[in-house]
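Visitor: Give me a 3D structure for the following:
(one chain, ligands or ions: 1)
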Amino acid sequence: MIQKIKALEPISRKLEPMGSQRSYWNAAVQDYADNFLDNFNQHTTYVVSETMGKEIYDFHFEENGKSIEEVLQCLKDNVDTPNLNPASGGHFGYIPGGGVYTTALGDYLAAVTNRYAGIFFACPGGVRMENMLLRWMCEMVGYPTTALGNLTSGGSIANLSAITTARDAKGIKAKDIERSVIYMTAQLHHCVQKSLRIAGMRECIIRYIPMDDHFKMKPKDLNQQIQKDIAQGLLPFMVFASAGTTDTGAIDPLEAIGIIAQDNDLWFHVDAAYGGFFMLSDTLKPAFKGVELSDSIAIDPHKGLFLSYGIGAILIKDTAALYETHRYTANYMQDAFTLDEDPSPADLSPELTKHFRGLRMWISLQLLGLAPFKAALDEKILLCHYFYKEVQKLGFEVGPEPDLSIAIFRYLPKNRNANAFNQEIVDRIMQDGRIFLSSTTLDGVYWIRFAVLSFRTHLEQVELALRLLKKLV
Ligand SMILES: *Cc1c(COP(=O)(O)O)cnc(C)c1O
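Guide: As a prediction, the model looks like this:
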C-alpha cells in the first residue's frame, strides 16, 4: 500500500504548482486581463458570431493539462468574444453589468486562501467582515442596528430568502397556502414568481394591484383589496414593492405601502436589487422615503455597486426571523457551534460551504473609498436624464420621466407599424454592435429601454447612442 501511495504522490502533487509555474500562469492571465481592459475602445458591446462559442465542445478535458496560451485562446474565442459584452460601457440593455477591477483582487485572494466565512468559529474575521458589510447596507436603508441579513449570489436568491422568512414569520403552513394572499404589481421582477414556486407557495393567491401612469402601485387600491380579502376570510400576509423596477426604474410609493402593511400586519418586502444603491447618493435618498418601514430588502452589489456578477444581499430587520427559517444543525457540526460573538452566515442562509463573497466587496470599498461609487451613481442618473431630454429632440416619444437611470422611448413612424419599426431599430443597433439596447412591452406597446448602470458608461457612450439613433430614424 505504501508503494501505491508513493506512486500516486508525484502526480497528485501537480495540484500544487511550483512558484515558477505560478508566476508563468499569473503573468499570462495578467496579460490577458490587461489586454481586455486596455483595449476597451476597440471592443464592441455586441458581436454577432457564427459559431456562438460552440467550439468550446471540441476542447476536451485530457489526462494531461494544456498550456495556458492554448487555454486562454479558447476562452477568448469562445467565451469572451461572441455576443454580449456586459463589461462594456456601451451596454444599455437589461440591467447593465459591472466588473470593477478590485472585485477580481478580492476573489483572487478569497480563492487562494480559501477561508471559510460561513461559521464564526472557523473564520471570525471573515464573518465579521461580511456582517460589517450587511450592517453598512442596513444603515444605508435606515434599518436599526439589530438588523442583519445575508450576502447571496444575487437578487433572485435574496428575494427567495425573504419569501421563505416571511412565510415562516407569519406562520403560514401548508394548509394555509391556498388562503394566503400576496400583493404586488405586474411590474415586479419575475424572480419573485419563481421564488414563490420554489418556496412551495405556488397555490397562494396573488393580487396584482393597479398602477398609475408612471407604473407605480396605487396604494389606495392596495388597501381596498386587502380589506376585501380580509372580509372574505382570506389571509393577506405579504406585500412586495419595487425600489427601481427592471422595465422603467420606477420606485413604488414605499411610505404609503409601508403604512398599509403595518396597519394590516403584512410582511413588507422591497425589491431594490437594481435601485437600492442609489440610496448612497444624497440627492436620491429622498426618493426612497419609507423603505425603512419594510421588513426585508433585496439589494444587488453586482448591479448598483458595479461589482462583478455573483453578489447580492438580503437585508432583514428582524434578524431572529431569518435565523428561525435558516438555522439547522447536525451532529457532525458539533464543534462549530460554540458561543458566537457574531451571527454566522450559515445560520442565516440555505448555504453551508460558500464563496467568501464578502471579501470582493470589502476590498473594493476599502481600496477605492466611497466617493467614486457615489459620484458614479449620480453620474448615471444625470446621463439617463440627459438622454431622456436629447432623444425627444430626435423625434422619439418617451415614457415617464425616469425615477432612476432607466428611460423608455419609441419612434412613431408615419406609414409603418410602430412596434415593428422599433424592433428593427433594436436589431440594427445589435448588428452595429458598438452599443447594446434591449426592449420591453408595456400594455401591448413595444418600448426600447435605455438603462445606464455600467460604471464604464460616461457622456461619450451616451452621445454615441444618440448619434446611432439619429442615423437610424
Ligand atoms: C436583477 C433584478 C433581480 C434579480 O436579481 P439577480 O441578481 O439577477 O438574481 C430582481 N429584481 C430586480 C428589480 C432586478 O433588477
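
Visitor: any chance you could map the strands in the stretch 51-200 of the chain?
Guide: Secondary structure of the stretch 51-200 of the chain, counting by DSSP state E, counting those that start in this stretch: strands at 83-84, 148-152, 180-184.

Visitor: Give me the contacts around the second one.
Guide: The reference is to strand 148-152. Residues from elsewhere that reach strand 148-152, judged by C-beta atoms under 8 Å, 6 or more residues apart in numbering: 130-131, 133-135, 137-138, 158, 161, 296, 311-316, 319, 322, 326, 343, 345, 348-349, 357-358, 361. No exception for glycine: its C-beta is placed from N, CA and C like everyone else's.

Visitor: what's the first-to-last distance across stretch 270-283?
Guide: 20 Å (C-alpha to C-alpha, to the nearest Å).

Visitor: How about the closest residue to the ligand within the stretch 101-250 of the chain: what's its closest non-neighbour residue?
Guide: Minimum separation of the stretch 101-250 of the chain from the ligand (C-beta to the nearest ligand atom) falls at Gly155, amounting to 2.5 Å. Spatially, and ignoring its direct neighbours in sequence, Gly155 is nearest to Ala273 (3.1 Å; C-beta to C-beta, 6 or more residues apart in numbering).

Visitor: circling back: which residues touch the residue of the stretch 101-250 of the chain closest to the ligand?
Guide: Gly155 neighbours (C-beta under 8 Å, 6+ apart): His189, Cys191, Asp271, Ala273, Tyr274, Ala298, Ile299, Asp300, Lys303, Gly312.

Visitor: Quick check: beta-bridge partners of the last one?
Guide: Right, Gly312. Beta-bridge partners recorded for Gly312 (DSSP bridges): Thr152.

Visitor: On the pLDDT front, check it for me.
Guide: Gly312 is assigned a predicted lDDT (pLDDT) of 98.

Visitor: can you offset everything so residue one is 44?
Guide: Sure thing, new numbering starts at 44, so read that last one as Gly355.

Visitor: ok so, going back, so which of the contacts of strand 191-195 also contact the ligand?
Guide: Gly355 (C-beta under 6 Å from any ligand atom).

Visitor: pLDDT at Thr94, what is it?
Guide: At Thr94, the model reports a pLDDT of 89.

Visitor: who touches it in this structure?
Guide: So Thr94 contacts Asn121, Pro125 (C-beta under 8 Å, 6+ apart).

Visitor: Highest mean neighbour count out of the strands of the stretch 94-243 of the chain?
Guide: Per residue and on average, the most neighbours among these fall to strand 191-195, with a mean of 28 (mean count of other C-beta atoms under 10 Å).

Visitor: mean confidence score for that strand?
Guide: 98.

Visitor: cool, stretch 53-63 as well?
Guide: 96.

Visitor: Same check on stretch 178-188?
Guide: Mean predicted lDDT for stretch 178-188 stands at 98.

Visitor: Give me the contact list for that stretch.
Guide: By C-beta under 8 Å, 6+ apart, stretch 178-188 touches 190-192, 315, 319, 322-323, 331, 334-335, 340, 342, 356, 358, 360, 408.

Visitor: which residues touch the residue most central in space within the chain?
Guide: The centre of the chain sits closest to Asp343, judged by C-alpha atoms, centre = their mean, with a distance of 4.0 Å. Counting by C-beta under 8 Å, 6+ apart, Asp343 makes contact with Gly197, Gly198, Ala201, Ala316, Tyr317, Gly319, Ile354, Gly355, Ala356.

Visitor: Kindly indicate which of the contacts of stretch 178-188 lies nearest Val114.
Guide: Leu408 (32.5 Å; C-beta to C-beta).

Visitor: What is the subsequent helix or strand relative to the helix or strand containing that closest one?
Guide: Using DSSP states H and E, Leu408 maps to helix 401-411. Per DSSP H and E, the first helix or strand lying C-terminal to helix 401-411 is helix 414-436.

Visitor: and after that following helix, which helix or strand comes next?
Guide: strand 440-441.

Visitor: Sheet-wise, list the partners of that next one with their directions.
Guide: In the sheet, strand 440-441 lines up with strand 449-453 (antiparallel) (DSSP bridges).

Visitor: Any chance you could list what contacts the strand it pairs with?
Guide: So strand 449-453 is contacted by 287, 289-292, 427, 430-431, 434-435, 439-442, 461, 465, 483, 485, 488-495 (C-beta under 8 Å, 6+ apart).

Visitor: Equivalent analysis for stretch 49-59, please.
Guide: Gly108.

Visitor: Tyr454 contacts Asn460, doesn't it?
Guide: No: contact criterion C-beta atoms under 8 Å: Tyr454 and Asn460 do not qualify, at 11.6 Å.

Visitor: Now do the phi/psi pair for Ile162.
Guide: Phi and psi for Ile162, reported as degrees, to the nearest 10, are phi -130, psi 130.

Visitor: correct me, but it touches Val170?
Guide: Yes: distance between Ile162 and Val170: 7.2 Å, which falls inside the contact criterion (C-beta under 8 Å).

Visitor: Could you name every residue contacting both of these two?
Guide: Common neighbours of Ile162 and Val170, using C-beta under 8 Å, 6+ apart, are Ser387, Pro388.

Visitor: Tell me which of those two has more neighbours.
Guide: Neighbours were counted for Ile162 and for Val170 using other C-beta atoms under 10 Å; Val170 has more, 26 against 22.

Visitor: what's the closest non-adjacent residue to the more buried one?
Guide: Nearest one to Val170, counting by C-beta to C-beta, 6+ apart, is Phe163 at 4.7 Å.

Visitor: State the distance from that neighbour to Leu426.
Guide: Separation of Phe163 from Leu426 (C-beta to C-beta, to the nearest Å) stands at 43 Å.

Visitor: now swap in Leu51 and tell me
Guide: Counting by C-beta to C-beta - Leu51 and Leu426 are separated by 58 Å.

Visitor: More neighbours: which of the two?
Guide: Leu426 (22 against 10).

Visitor: thought the more buried one was touching Glu503?
Guide: No: Leu426 is beyond contact range of Glu503, at 10.2 Å (criterion: C-beta under 8 Å).

Visitor: residues from the stretch 144-293 of the chain in reach of the ligand?
Guide: Residues of the stretch 144-293 of the chain lying near the ligand (C-beta under 6 Å from any ligand atom): Gly197, Gly198, Ser199, His232, Cys234, Ser285, Gly287, Thr289.

Visitor: wait, what's in contact with the fourth one?
Guide: What it means is His232. Per C-beta under 8 Å, 6+ apart, neighbours of His232: Gly198, Asn202, Ser285, Thr288, Thr289, Asp314, Ala316.

Visitor: Give me the pLDDT for it.
Guide: pLDDT, His232: 96.

Visitor: Go through stretch 289-302 and flag the buried ones.
Guide: 289-297, 299-302 (16 or more other C-beta atoms under 10 Å).

Visitor: Start and end of it, how far apart?
Guide: 24 Å.

Visitor: what's the answer for stretch 183-190, then?
Guide: Stretch 183-190 end-to-end distance (C-alpha to C-alpha) = 12 Å.
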